[in-house]
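Trainee: Kindly return the folded structure for what I paste below:
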Amino acid sequence: MLGEIMTLHAYTEYKCKNCGFRYVPIPSAPQCPYCGSPSEVVFDEFVDKFLSSVSHNIIMYRSIVPPAWATITIGDYYFLIGFFALEYMVKKLGLRNNKALLMEGVDLDKCLDIVEQFIREKMNRVVIEWDRLFLKHVEAFLKEVCHKLQSPETISDQ
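Mentor: Okay, the predicted model is just below:
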């Protein structure tokens with residue numbers, strides 16, 4: 001495996017100019033989840049990068065979640081939560097394998113419902129306000145992922 005890319009990381013984060021909160025401004029949620037200030041940048045390709053990482057993981061490891069993951073940036077944290085959310089989605093949808101999630105497309109309403117279930121059931125141990133605000137922003141990210149998963153051709157073209 002020497003020379004092979006082990007996994008694809010996000011290398012993405014933004015520090016709010018107003019309060020210093022670190023997050024990833026995405027098109028559907030560009031404002032700071034902590035103070036509400038608008039960001040100076042929006043990472044339009046963040047969801048596409050995430051889905052490329054998911055595809056890479058499935059090809060390399062036959063798993064959405066890679067066997068090892070280092071959270072280097074806040075974007076990597078979004079990715080990690082996203083990996084677990086998609087793995088949860090595969091089980092909830094009863095798909096035959098992980099690849100089917102990317103290849104067959106997912107009904108938007110079902111996807112959004114599963115994202116809400118995942119947040120409610122798997123991320124329910126959030127105890128501090130910072131985490132609650134961050135989690136709302138991650139939920140917006142996962143909903144953007146749902147929009148992309150509707151059309152498998154948008155994923156396979158990446």
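Trainee: neighbours around the closest residue to V145 other than its chain neighbours, how many?
Mentor: Counting by Cβ to Cβ, 6 or more residues apart in numbering, V145 lies nearest to V47, which is 5.6 Å off, once chain neighbours are set aside. (C-beta placed from N, C-alpha, C; glycine too.) Other residues near V47 come to 25 when the count uses other Cβ atoms under 10 Å.
Trainee: what about V47, distance to A29?
Mentor: Distance, V47 to A29, using Cβ to Cβ, to the nearest Å: 11 Å.
Trainee: joint contacts of those two?
Mentor: Between them, V47 and A29 share these contacting residues under Cβ atoms under 8 Å, 6 or more residues apart in numbering: F141.
Trainee: And the strands in the chain, which stretches?
Mentor: 14-15, 22-23 (DSSP state E).
Trainee: Let me have those in CSV, adding mean neighbour count, distance to M103 and mean pLDDT as columns.
Mentor: Formatted as CSV, the strands of the chain follow (neighbours: other Cβ atoms under 10 Å; distance: least, Cβ to Cβ, whole Å; pLDDT from 0 to 100):
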stretch, mean neighbour count, distance to M103, mean pLDDT
strand 14-15, 16, 32, 96
strand 22-23, 20, 31, 93
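Trainee: Of all the ones you listed, which one comes closest to F43?
Mentor: Set against F43 and scored by Cβ to Cβ, these come closest in strand 14-15, at 7.6 Å.
Trainee: for the closest one, packing partners?
Mentor: The helices and strands touching strand 14-15, judged by 3 or more Cβ pairs under 8 Å, 6 or more residues apart in numbering; DSSP states H and E, are strand 22-23.
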